[in-house]
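In: I'll drop the sequence and a predicted model, then ask my questions.
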Amino acid sequence: MQKQIPFTLEQIQALAKDNPTPFYVYDEAGMRKTSQELNNAFADFKDYRNFFAVKALPNPEIMKVVASEGMGFDASSLAELELSARVGATPGDIMFTANDTAAEEYRRAIELGATINLDDISEIDFFDSNKIELPEVISFRYNPGSERHDSGNVIIGKPEEAKFGLTHEQILKAYEICQKRGAKRFGLHTMMVSNELAHTSLLETAKMIFDLAVQINQKLGIEFEFINIGGGFGIPYKPDEQPLDVNLVADGIKELHQKTIIENGLAPIRLVSEHGRYATGPHGYLITTVGHIKYTHKKYVGVDANMANLMRPGMYGSYHHISILGKEDIPADQVYDIVGSLCENNDKFAINRDLPEINLGDILVIHDAGAHAHSMGFNYNGKLRSAEFLLQPDNSFRLIRRAEALDDYFATLI
């Protein structure tokens, strides 16, 4: 099976004349369509808003696109806070959910009017010791640990092994402490899975956090202003995978909200989320050219991209579909490993992949590279980060990040 490609071989060849591969292409129309589908699915929730996970694709032009579709920003570092500010974020537009967080990051988040999700009960004392006033809105991230044996996946891990969030006992105590200190406004946050396609798992997470909100309310009398159900909506990396039915998930969450939140008298509570991959992931493409073909114990195809451009396959063993431009209709009767040039054996985009016959100079498209792809790049072996282009609705390409040059690599050396 093939995945759809929003550009042609001729378009990429023309682009590559002045912009050598590898480079990324992002489809603006696709991102807008998916963003609108997400907003429409949750339209019944008053004031629902998705805060785009900046870590997924931290490019200002991409952030402007999702912001124009009504999204805020989910930031987790000082740089992501600054990016959000520089594209026009105002108070209320940023959710700041970090861990092992520096005092300067908290201070900047407060300056920007961000809503801060605290990752540990010790952060209360950390604010005191660093002479930082607690935020106006107090929110904590919940981690149920072994209470949820069925949760977690390879990206985040089992809850009891994940470094994120507070235990059940800790989160009750944390809200009690803040309440005694005079806090009046509260939020609640969790993030259980990443890239999840099973709607049942996502609904279990919603039920868990709704139940927790009721427990905290009944014990402490706290009324929550918002519940952040986190991110985690997955995308079908494999062409035969079924996409997540976001409407089914939204309907299920609405039913749980009615039974748990409304019927226990906690409404109104604003529902928010922090999806990044779901909005942009399917609409990014890493373009790379075949430079070497090696026949030893296996058939190896060497391309000019490498794990420094896209580390997910090497880091997680993740599948990314690969197309050969111009050969979409040719039978996939050859078996190849698609590899980069790093001095590491896990620098592979595909292992034992069925593909059409590949020749030197062929242009490969690595799909679903619109999230946690370019942003996870690095410079091992002195490899340079690639350019990024936005494919605009008028079918033209716009450079939104130039490729690194050797001068960039050496710029910080003394």
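Out: Sure, I can see it. The structure displayed is predicted, hence computed values, not measured ones.
In: With adjacent residues omitted, what lies nearest to residue 85?
Out: Setting aside the residues directly before and after it, residue 85 is nearest to residue 112 in space (C-beta to C-beta, 6 or more residues apart in numbering), at 5.6 Å. (Glycine included, C-beta is placed from N, CA and C.)
In: The one you found contacts residue 84, correct?
Out: Yes. In this structure, residue 112 is within contact of residue 84 by C-beta atoms under 8 Å, at 7.3 Å.
In: list the residues that contact both of these two?
Out: By C-beta atoms under 8 Å, 6 or more residues apart in numbering, residue 112 and residue 84 have these common neighbours: residue 94.
In: ok, how many other residues are close to residue 222?
Out: 20 (other C-beta atoms under 10 Å).
In: Over to residue 275?
Out: Residue 275: 27 neighbours (other C-beta under 10 Å).
In: distance of it from residue 249?
Out: Note on residue 275: its distance to residue 249, by C-beta to C-beta, to the nearest Å, is 11 Å.
In: where do the contact lists of the two overlap?
Out: With C-beta under 8 Å, 6+ apart, residue 275 and residue 249 have common neighbours residue 233.
In: Toward the C-terminus, what is the element adjacent to the helix or strand harbouring residue 189?
Out: Using DSSP states H and E, the element containing residue 189 is strand 185-190. Downstream of strand 185-190, the next assigned helix or strand under DSSP H and E is helix 199-220.
In: The helix or strand following that next one pairs with which strands?
Out: Using DSSP H and E, the helix or strand that follows helix 199-220 in sequence is strand 224-228. When pairing is defined by DSSP bridges, strand 224-228 lines up against strand 185-190 (parallel), strand 270-273 (parallel).
In: can you map out the helices along the stretch 251-400 of the chain?
Out: 277-280, 312-316 (DSSP state H, counting those that start in this stretch).
In: Might you report the residue contacts of the residue nearest to residue 294 when sequence neighbours are not counted?
Out: Of all residues not flanking residue 294 in the chain, residue 300 sits nearest, at 4.2 Å (C-beta to C-beta, 6+ apart). Neighbouring residues of residue 300 by C-beta under 8 Å, 6+ apart: 292, 293, 294, 336, 337, 339.
In: just residue 244 next, same as before
Out: With C-beta under 8 Å, 6+ apart, residue 244 has these contacts: 196, 197, 199, 233, 234, 235, 236, 278.
In: Kindly indicate whether it is helix, strand or coil.
Out: coil (DSSP: H, G, I helix; E, B strand; the rest coil).
In: Show the pLDDT at it.
Out: pLDDT recorded at residue 244 is 96.
In: Please report the distance of it from residue 198.
Out: 8 Å.
In: Now intersect the contacts of residue 300 with the strands, please.
Out: Assigned to strands by DSSP state E, the following of the contacts of residue 300 qualify: 292, 293, 294, 336, 337, 339.
In: picking up where we left off before, and residue 112 and residue 84? Which one has more around it.
Out: residue 84 (29 against 19).
In: tell me what the helix or strand the more buried one falls within is packed against?
Out: Assigned by DSSP H and E, residue 84 belongs to helix 78-86. Judged by 3 or more C-beta pairs under 8 Å, 6 or more residues apart in numbering; DSSP states H and E, the packing partners of helix 78-86 are helix 60-68, strand 72-75, strand 94-97, helix 103-111.
In: Show residues contacting it.
Out: Counting by C-beta under 8 Å, 6+ apart, 54-55, 58, 60, 63, 73, 75, 93-94, 96, 102, 104-105, 108-109, 112, 114 sit against helix 78-86.
In: run the last query once more with 10 Å
Out: 51-55, 58-60, 63, 67, 72-75, 77, 89-90, 93-96, 98, 101-102, 104-109, 111-114, 375 (C-beta atoms under 10 Å, 6 or more residues apart in numbering).
In: picking that back up, of the helices of the stretch 251-400 of the chain, which approaches residue 20 most closely?
Out: Using C-beta to C-beta as the measure, helix 312-316 is the one of these that comes nearest residue 20, at 22.3 Å.
In: Pipe the strands paired with strand 224-228 into a markdown table and attach mean pLDDT per row.
Out: Formatted as a markdown table, those follow (pLDDT from 0 to 100):
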| stretch | mean pLDDT |
| --- | --- |
| strand 185-190 | 96 |
| strand 270-273 | 97 |
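In: Can you lay out the ones you listed as a markdown table showing mean neighbour count?
Out: Listed next are the strands paired with strand 224-228 as a markdown table, based on neighbours: other C-beta atoms under 10 Å:
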| stretch | mean neighbour count |
| --- | --- |
| strand 185-190 | 22 |
| strand 270-273 | 22 |
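In: Those: which one's closest to residue 175?
Out: Taking the strands paired with strand 224-228 one by one with C-beta to C-beta, strand 185-190 is closest: 6.8 Å.
In: didn't residue 238 look like it was pressed against residue 319?
Out: Yes. Applying C-beta atoms under 10 Å, one finds residue 238 in contact with residue 319, separated by 5.5 Å.
In: These two: who's more crowded?
Out: Shown here are residue 238 and residue 319; by other C-beta under 10 Å, residue 319 has more neighbours (18 against 13).
In: how many other residues sit next to the nearest residue to that one once chain neighbours are set aside?
Out: Among residues not flanking residue 319 along the chain, residue 237 sits closest, at 5.0 Å (C-beta to C-beta, 6+ apart). Using other C-beta under 10 Å, residue 237 has 18 neighbouring residues.
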